[in-house]
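Undergrad: The following block contains a protein sequence and its predicted model.
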Amino acid sequence: MFVAAKNLFRKPFDEGTIVKLKLYTDYLKEWAPVFLSKKVPIWKTVQIFDFFAGQGKDSLDNPGSPLIALKVIRSFEKLIIERELNVVLHFNELEEEKYNALVDCLEGCEGNFKIKTYQQDFKSLFNETYESMKESANFLFLDQNGIKEITSELFAKIIVLKQTDFLFFISSSYFRRFANTPEFQKHFPFDPIEMQNIEYYHIHRKVLAHYKSLIPIGKTYYLAPFSIRKERNIYGLIFGTNHTLGIEKFLNVAWKNDKLRGEANYDIDSEKIDLQSPRLFPELNVPSKRDVFEKNLSLKILGGEIMQRDDAYLYALNEGFLLKDANIVLKKLCIEKKIKSVIEYISADLHKNRQNVPIII
Ligand SMILES: C[S@@+](CC[C@H](N)C(=O)[O-])C[C@H]1O[C@@H](n2cnc3c(N)ncnc32)[C@H](O)[C@@H]1O
């Protein structure tokens, strides 16, 4: 009876939530081994913070973010013991009923890691736990409702942390709907007229540009978006990391989930490309995003703006492309004899292969 009553206010996850949780799952599976499989771990404490944890699962028992994180961490339990790691999972939910459902869901889930649950406002818990984040490797999941929690002050605090990746969810179409309200302008001083003129499907790209503009000049930090359409609304994820390995891994996940542009669960550029039944002329099957990326990278190399192999790779990562996509451009320029140097190509782990490989024109 009690369990049934608790399920009364659960609903099945909608399509957009399923996409969001798929990306969360895929990335956590990539992230966890970086810190939990290392033979000699640099960080003895590893923390996952799920600040907007919800109820744990939906009415059909599909796992929500807390149960997803638990499952991923459980799969590393042997290594956690062997490496004597201190893994802490923090789950926070403000609403009492949901918090109770969450706690209920986590019953019996203990293992060789700590589970901490909280029923607090996100900001106060963030501030309380912030100091501890300076001493550990962290993954922050910020699955807010709406848009207002990831303020510029909070963003600034997150991006200075070492070994910290984050993923946040945001209701991007609100940016257009509410851009001229005073409450909105307090958080996001966007030009309401410009907002009205943005292609609706591209709204999450604008949100990304906003957060990119908050990165101090000279600071190395990587952000990547994933736009999610749910009925007529556009939502999105923003991923952030200060490490090339983090952005490589997230982009791999994004491209796995969107084979054409690595960026959305819908046809974000309205190009109607169908890889199952391609058009007669091959160029019509190439998304304009890829075309623009390849042209711009070529121009930057030939114009002398990008003179090192690694800078070509970093350009690709910052544009939402993978190292292998930069290789396509470099190889093409070599074949066309527009660049002379023999380049040692790599397709993963840029951090392990940092070299001054000049691109000689
Ligand atoms: C989108 S849902 C989270 C879903 C969850 N991550 C999952 O995978 O099932 C957002 C949750 O944040 C909670 N919430 C809203 N404002 C909050 C706040 N200021 N602090 C903590 N939790 C909050 C809501 O009650 C809601 O359950």
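TA: Cool, the structure landed.

Undergrad: For the rest of this, base every contact and every neighbour count on C-alpha atoms.
TA: Will do.

Undergrad: quick one: residue 89 from residue 270, how far?
TA: Using CA to CA, to the nearest Å, residue 89 is found at 40 Å from residue 270.

Undergrad: quick one: which of the two has more around it?
TA: A count of neighbours by other CA atoms under 10 Å puts residue 89 above the other of residue 89 and residue 270, at 20 against 9.

Undergrad: Helix, strand, or coil at that one?
TA: What DSSP: H, G, I helix; E, B strand; the rest coil gives for residue 89 is strand.

Undergrad: so who does it touch?
TA: Contacts for residue 89 (CA atoms under 8 Å, 6 or more residues apart in numbering) come out as 47-50, 69-70, 113-116.

Undergrad: now do residue 128
TA: By CA under 8 Å, 6+ apart, residue 128 lies in contact with nothing.

Undergrad: for residue 159, same thing?
TA: Contact analysis of residue 159 by CA under 8 Å, 6+ apart lists 221, 240-242.

Undergrad: Next step: these restricted to strands.
TA: 240-241 (DSSP state E).

Undergrad: now the helices for the stretch 101-250 of the chain?
TA: Assigned by DSSP state H, counting those that start in this stretch, the stretch 101-250 of the chain shows helices spanning 122-133, 152-159, 174-177, 182-187, 192-197, 203-213, 244-257.

Undergrad: Could you provide those helices in TSV, with additional columns for distance to the ligand and mean pLDDT?
TA: Below are the helices of the stretch 101-250 of the chain laid out as TSV (distance: least, CA to the nearest ligand atom, whole Å; pLDDT from 0 to 100):
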stretch	distance to the ligand	mean pLDDT
helix 122-133	4	98
helix 152-159	13	97
helix 174-177	15	85
helix 182-187	16	84
helix 192-197	25	86
helix 203-213	17	94
helix 244-257	18	98
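
Undergrad: hey, which of the ones you listed is tucked in deepest?
TA: Counting by mean count of other CA atoms under 10 Å, helix 244-257 has the highest mean neighbour count of the helices of the stretch 101-250 of the chain, with a mean of 21.

Undergrad: ok so residue 49 is a strand residue?
TA: Yes. Counting by three-state DSSP, residue 49 is located in a strand.

Undergrad: how distant is stretch 131-142 from the center of its chain?
TA: Here stretch 131-142 is found 16 Å from its chain centre; the criterion is CA atoms, centre = their mean, to the nearest Å.

Undergrad: which outside residues touch it?
TA: By CA under 8 Å, 6+ apart, stretch 131-142 touches 35, 43-52, 161-169.

Undergrad: Please go through those residues and note which also touch the ligand.
TA: When CA under 6 Å from any ligand atom is applied, the members of the contacts of stretch 131-142 adjacent to the ligand are residue 52.

Undergrad: out of the contacts of stretch 131-142, which are inside strands?
TA: Going by DSSP E, the strands hold 45-50, 164-169 from those.

Undergrad: Tell me how this structure divides into domains.
TA: Domain assignment for the chain, taken from automatic domain parsing, gives 2-257, 282-352.

Undergrad: With respect to residue 358, which of these lies nearest?
TA: domain 282-352 (4.4 Å; CA to CA).

Undergrad: Please name the bridge partners of the residue nearest the centre of the chain.
TA: Residue closest to the mean C-alpha point of the chain, counted by CA atoms, centre = their mean, is residue 239 at 2.6 Å. On the basis of DSSP bridges, residue 239 is bridged to residue 167, residue 224.
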